[in-house]
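Asks: For reference, the sequence and a predicted model appear below.
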Amino acid sequence: MTTRRLPALPAWLAAPLPAAVALGIAFLLALVAVSLLYPPGYSGTGWLWGLGAAILAAYAFINLQRRQPEALSPANPAYPALPARRRVALLLLAAGLVLAVVTAAGLALGAGHDILRWTWLASLVLLLAGSYFFGALRGDPTPVPPVPSADRRQLALELAGFALLMALAFFLRLYHLRQMPPGIFVDETNAALDAIRIMEGRPDSPFGTGWFETPSLYAFYLVTLF
C-alpha cells in the first residue's frame, strides 16, 4: 500500500492544536459568510469571509492528512507523472473554476442571470470533463477478483432486501392514489406550481428562489421530470 505524501509543514503548524483552532475559526467565518450572503441584507463581502473559511479549513484537513495519511492501492500512486491527457484535464478544471468564479462574482455584482446561467453551465461541463480526463470519474482499470460464494449469498440477500424496500415504497405511494395521495403537502404542490409556471413561459432565473426560499433550480429539475 502507498500513501499520499504532502509537502512538509513547520513543526508548529504540523501540530494538531493549531489545526483544530483553524477549523473552529473556519466554522465561525463560514457562519459570518452565510449571514452576509443571506437576503435581504446581502453583502458581497460574504464571499471574502467564505474564502477565508475555505483556506483555514483546507489547512486543517491537510494537517490531518499529513498526520493520518490515506492508504491507496498500489495501482493508484499518490502523485504520478502528468501525461498529456492529465495536463489537458488540469486545463479543463482550471477553466471551469475560472468560469465558476466569474459566475459567483457576477451574481455578487448583480449581473444579468440570462448570461450567468450559461457561464455556470459551461463551468459545470468543463469541471466534469476535466474530472473525467483526470480519472476521477473513470472506473478502476485493475481487474476485479472473483467474488466468493459467501459474498454472493450476502449480495443476493442485500438485493432482495432492497427490492422489498422498493416494493413497500411503491405500495405506500400508489395505494389509494386517486382518493388519498400520501406525502403530497403544500411544499410539494407549490414547488410544482412554480415548475408549471416556468413551463407556461414565465421567465425565471435558476439562481433565484421560489416558494418559501426554495431555490428555483429545484423547480427547473421538476420541469425536466414533467
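Replies: Yep, that arrived.
Asks: Going by C-alpha atoms from here, please, whenever you check contacts or count neighbours.
Replies: Will do.
Asks: How much space separates the residue nearest in space to the middle of the chain from residue 164?
Replies: For the chain, the residue nearest the mean C-alpha position is residue 124 (11.0 Å; Cα atoms, centre = their mean). Distance from residue 124 to residue 164, counting by Cα to Cα, to the nearest Å: 36 Å.
Asks: circling back to that earlier point, what count of nearby residues applies to the nearest residue to the residue nearest to the centre of the chain once chain neighbours are set aside?
Replies: Closest residue to residue 124 apart from its sequence neighbours, by Cα to Cα, 6 or more residues apart in numbering: residue 96 at 6.6 Å. Residues near residue 96, counting by other Cα atoms under 10 Å, number 24.
Asks: So that it lines up with my notes, have the first residue be 29 from now on.
Replies: That works, and once the first residue is 29, the last one we named lands at residue 124.
Asks: contacting residues around residue 124?
Replies: Contact partners of residue 124, counting by Cα atoms under 8 Å, 6 or more residues apart in numbering, are 150-155.
Asks: between the residues you listed, which is closest to residue 196?
Replies: Nearest to residue 196 among the contacts of residue 124, counting by Cα to Cα, is residue 152 at 36.2 Å.
Asks: Just the helices from the protein, written as ranges.
Replies: Remark: helices assigned in the chain by DSSP state H are 39-42, 44-65, 74-95, 112-137, 141-162, 177-202, 214-227, 244-253.
Asks: State the mean pLDDT of the first one.
Replies: Confidence for helix 39-42, expressed as mean pLDDT, is 63.
Asks: Could you do the last one as well?
Replies: Mean pLDDT, computed over helix 244-253, is 87.
Asks: For that helix, buried residues please.
Replies: 244-248, 250-251 (16 or more other Cα atoms under 10 Å).
Asks: could you give the angle of it to helix 214-227?
Replies: Using axes from the mean of the first three to the mean of the last three Cα atoms, to 10 degrees, the inter-axis angle of helix 244-253 relative to helix 214-227 is 70 degrees.
Asks: Tell me the helices and strands packed up against helix 244-253.
Replies: helix 214-227 (3 or more Cα pairs under 8 Å, 6 or more residues apart in numbering; DSSP states H and E).
Asks: I'd like the distance from the helix it packs on to the chain centre, please.
Replies: 24 Å (Cα atoms, centre = their mean, to the nearest Å).
Asks: Check stretch 191-204 too.
Replies: Using Cα atoms, centre = their mean, the offset of stretch 191-204 from its chain centre is 29 Å.
Asks: follow-up on the earlier one: most neighbours of all the contacts of residue 124, which one?
Replies: Highest count within the contacts of residue 124 by other Cα under 10 Å belongs to residue 151, 24 neighbours.
Asks: and the gap between the residue lying closest to that residue once chain neighbours are set aside and residue 216?
Replies: Nearest non-adjacent residue to residue 151, counting by Cα to Cα, 6+ apart: residue 124, 4.1 Å away. To residue 216, residue 124 is 33 Å away according to Cα to Cα.
Asks: Buried residues in stretch 130-144, which are they?
Replies: Judged by neighbour count using 16+ other Cα under 10 Å, the buried positions of stretch 130-144 are 130-132, 134, 136, 141, 144.
Asks: So, low pLDDT: which residues of the protein?
Replies: 29-42, 67, 95-110, 166-178, 205, 208-213 (pLDDT under 70).
Asks: ok, now with 80
Replies: 29-44, 65-72, 92-113, 135-142, 163-180, 201-216, 231-242 (pLDDT under 80).
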